[in-house]
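Student: Sequence first, then the predicted structure, then my questions.
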Amino acid sequence: MTHQLSDLSAEGLRALVAEQLERSRARTVQLTDAVDTDDLVRQHSKLMSPLVWDYAHIGNQEELWLVRDVGGREPVRQDIDELYDAFMHPRADRPTLPLLGPAETRAYVGEVRDKVLDVLDHVKFDHGRELVDNAFAFGMIVQHEQQHDETMLATHQLRAGVPVLDAPPPPPGRRLAAAEVLVPGGTFEMGTSIEPWALDNERPAHAVRVAPYFIDTAPVTNGDYLKFVLGGGYEDARWWSEAGWAQVQKASLVGPRFWDLVDGQWTRTRFGHSELLPLDEPVMHVCFYEAEAYAKWAGKRLPTEEEWEFAARFDPATGRTRRFPWGDESPGPQHANLGQRHLGPAPVGAYPAGASPLGVEQLIGDVWEWTSSDFRPYPGFRAFPYDEYSLVFFGTDYKVLRGGSFGTDEVVARGTFRNWDYPIRRQIFAGFRCARDAQPAELAAAEHSELV
Ligand SMILES: [Fe+2]
């Protein structure tokens, strides 16, 4: 995706939207065709919707925004709006609703898509309507489908039974030159006012000052995290916040989700495959509290959201904020592990071409990274196009995650993209990296080494 959509002709924009719609639908079909009818309607975890709910909800949102609102067309199935309104029914209750069955769902989303392609053929992008400028509503719906695809991928991870998904392994890792990177700090432009498909919570661009700090070169690995587990980290309250320690007791946490101790050896199960714990892979399926406790045990802390974005986007040579760590070009397979291209995070060091100017790696893709920040509006925030996208979630209930995972599509994984979730959540594809304050002596030493 380019941030110069406005340079495209109307026909160019139409073609790009059509391609993105098709790409997201191909992924949805892959994730839902992979299982049988029974698996589509079953609830695999109380935390998740039945896959068939996500599928019809994708179609319903597409109908609401693109058929009815942008297109001004007659409703396809107004009678089902309420069933697929995420705010009316919590996930745990969705299996009890009179949902459309798999065949009906496929027919419904297909009918909606046919109408959307017709709307796309006729829509005028330059009518001065903010929702349609640069095809924003289409971009929002493409991202919505891709985000639900990632959610459905998480449902696949929770599903019991034989493996049904397949993908080539990620590229090999390599030894990193240094475990952490000194970020000199300074003032940078955070967020965006120019990415045409950026969502309301990423806006507007604003200046933020960040003090010098160290940040891990790569996400914390299974091998690192195992030392915390083996060192009694889950039995020692001093590493945990009060809320974190309460969660350890309540949920009987002893290690990351999907880790098991089998005959004295740690294994990890993913999409139905169990294997010995791969030590050089980023740790995943830890909640915010576990990330926070590990960081404290390691003598560090989690980065703030501002520190994460500074490390990911700031170019000290030019003082400019980049779109991505590697520059302004959209992610390619050499830059980052995105879009379910592989079925798990790549080992540390696998993406040297994706490094930031300061040498921080794997910021985009692989695992979502917990930050220490609450989900808050940026100064000058304006809810668009509806309050329920971000506004209702702001506050202290949610922690921000950044960077996207192996299951996040590139149309979503912008350098400015903000995800948020409850600090107890572990089913998402989340890991973390650590940061720490830079001490005056370390700063002086760094300055000295630059002079010599
Ligand atoms: Fe949704």
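Tutor: Good, I have the coordinates.
Student: What's the local residue count around residue 217?
Tutor: Residue 217: 22 surrounding residues under other CB atoms under 10 Å. (Glycine included, C-beta is placed from N, CA and C.)
Student: I'd say it and residue 175 touch.
Tutor: No: using CB atoms under 8 Å as the test, residue 217 is too far from residue 175 to be in contact (10.8 Å).
Student: The residue nearest to the spatial centre of the chain and residue 124: what is the separation?
Tutor: Per CA atoms, centre = their mean, the C-alpha nearest to the average position across the chain is that of residue 404, at 3.4 Å. Distance of residue 404 to residue 124, computed by CB to CB, to the nearest Å: 33 Å.
Student: again, but for residue 442
Tutor: 57 Å.
Student: Give me the more crowded residue out of the two.
Tutor: Ranked by neighbour count (other CB under 10 Å), residue 442 and residue 124 place residue 442 first, with 14 against 9.
Student: What mean pLDDT does the helix or strand where that one lies get?
Tutor: Element membership for residue 442 (DSSP states H and E) is helix 440-451. Averaged across helix 440-451, the pLDDT comes to 84.
Student: Output the contacting helices and strands for it.
Tutor: Counting contacts by 3 or more CB pairs under 8 Å, 6 or more residues apart in numbering; DSSP states H and E, helix 440-451 packs against strand 180-183.
Student: following the strand it packs on, which helix or strand comes up?
Tutor: strand 186-190.
Student: Just list what that next one packs against, helices and strands only.
Tutor: Using 3+ CB pairs under 8 Å, 6+ apart, strand 186-190 sits against strand 206-210, helix 305-313, strand 320-321.
Student: So what touches the helix or strand that the shortest one is followed by?
Tutor: Beyond strand 320-321 in the direction of the C-terminus, DSSP H and E gives the next helix or strand as strand 368-374. Applying CB atoms under 8 Å, 6 or more residues apart in numbering, the contact partners of strand 368-374 are 219, 286, 288, 291-292, 301-308, 363, 395-396, 398-405, 408, 419, 428-433.
Student: filter the residues you listed to the buried ones?
Tutor: 219, 286, 288, 291-292, 301-308, 363, 398-405, 408, 419, 428-433 (16 or more other CB atoms under 10 Å).
Student: which ones among these are found in helices?
Tutor: Here DSSP state H is the test, and the buried ones among the contacts of strand 368-374 give 288, 291-292, 305-308 as lying in helices.
Student: any chance of those in JSON lines, plus distance to residue 233?
Tutor: Shown next, in JSON lines, are those (distance: CB to CB, whole Å):
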{"residue": "288", "distance to residue 233": "15"}
{"residue": "291", "distance to residue 233": "12"}
{"residue": "292", "distance to residue 233": "12"}
{"residue": "305", "distance to residue 233": "25"}
{"residue": "306", "distance to residue 233": "27"}
{"residue": "307", "distance to residue 233": "24"}
{"residue": "308", "distance to residue 233": "23"}
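Student: for the residues you listed, which one is nearest residue 57?
Tutor: The shortest gap between residue 57 and any of these belongs to residue 288, at 26.3 Å (CB to CB).
Student: so what's the backbone phi/psi at the closest residue in space to the closest one that isn't next to it in sequence?
Tutor: The shortest distance from residue 288 to any residue other than its chain neighbours is 3.6 Å, reached at residue 423 (CB to CB, 6 or more residues apart in numbering). Backbone geometry at residue 423, expressed as degrees, to the nearest 10, gives phi -70, psi -10.
Student: Contacts only, for residue 423.
Tutor: Counting by CB under 8 Å, 6+ apart, the residues that residue 423 touches are 243-244, 247, 287-289, 398-399.
Student: Identify, from those residues, the entry nearest to residue 318.
Tutor: residue 399 (31.5 Å).
Student: where's the closest one relative to residue 332, distance?
Tutor: Applying CB to CB to residue 399 and residue 332 gives a distance of 30 Å.
Student: right, and residue 359 touches residue 181 too?
Tutor: Yes: using CB under 8 Å, residue 359 is in contact with residue 181, at 5.3 Å.
Student: list residues touching both of the two?
Tutor: In contact with both residue 359 and residue 181: residue 217, using CB under 8 Å, 6+ apart.
Student: If you count surrounding residues, which of the two has more?
Tutor: Per other CB under 10 Å, whichever of residue 359 and residue 181 has more neighbours is residue 181, with 21 against 15.
Student: wait, doesn't the more buried one sit right on residue 357?
Tutor: No: counting by CB under 8 Å, residue 181 sits too far from residue 357 to count as a contact (10.3 Å).
Student: Distance check, residue 444 against residue 316.
Tutor: 18 Å.
Student: And these two? Which one has more around it.
Tutor: Between residue 444 and residue 316, residue 316 has the larger neighbour count (other CB under 10 Å), namely 13 against 10.
Student: The more buried one: what's it in contact with?
Tutor: 184, 186, 357-358.
Student: what about 10 Å?
Tutor: 183-184, 186, 188, 356-358 (CB atoms under 10 Å, 6 or more residues apart in numbering).
Student: Ok, residue 74 next?
Tutor: Each residue near residue 74 by CB under 10 Å, 6+ apart is listed here: 67-68, 115.
Student: And the helices in the stretch 51-200 of the chain?
Tutor: 51-62, 102-122, 136-158 (DSSP state H, counting those that start in this stretch).
Student: Which among these is found nearest to residue 231?
Tutor: Nearest of those to residue 231, taken as CB to CB: helix 136-158 at 27.3 Å.
Student: domain parsing for this protein?
Tutor: 5-158, 180-221+296-451 (automatic domain parsing).
Student: Serialize the ones you listed to TSV and add fields for distance to residue 270.
Tutor: As requested, those are arranged in TSV below (distance: least, CB to CB, whole Å):
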stretch	distance to residue 270
domain 5-158	7
domain 180-221+296-451	6
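Student: where in the protein is pLDDT low?
Tutor: For the chain, the stretches with pLDDT under 70 are 1-4, 451-452.
Student: still on that earlier bit, take the contacts of residue 423 and lay them out in JSON lines including distance to residue 160.
Tutor: What follows is the contacts of residue 423, written out as JSON lines (distance: CB to CB, whole Å):
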{"residue": "243", "distance to residue 160": "31"}
{"residue": "244", "distance to residue 160": "29"}
{"residue": "247", "distance to residue 160": "25"}
{"residue": "287", "distance to residue 160": "22"}
{"residue": "288", "distance to residue 160": "26"}
{"residue": "289", "distance to residue 160": "26"}
{"residue": "398", "distance to residue 160": "29"}
{"residue": "399", "distance to residue 160": "29"}
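Student: which one of these is nearest residue 41?
Tutor: residue 287 (28.7 Å).
Student: need the contact list for that closest one.
Tutor: Neighbouring residues of residue 287 by CB under 10 Å, 6+ apart: 244, 247-248, 251, 253, 256-257, 293, 370, 399, 421-428, 430.
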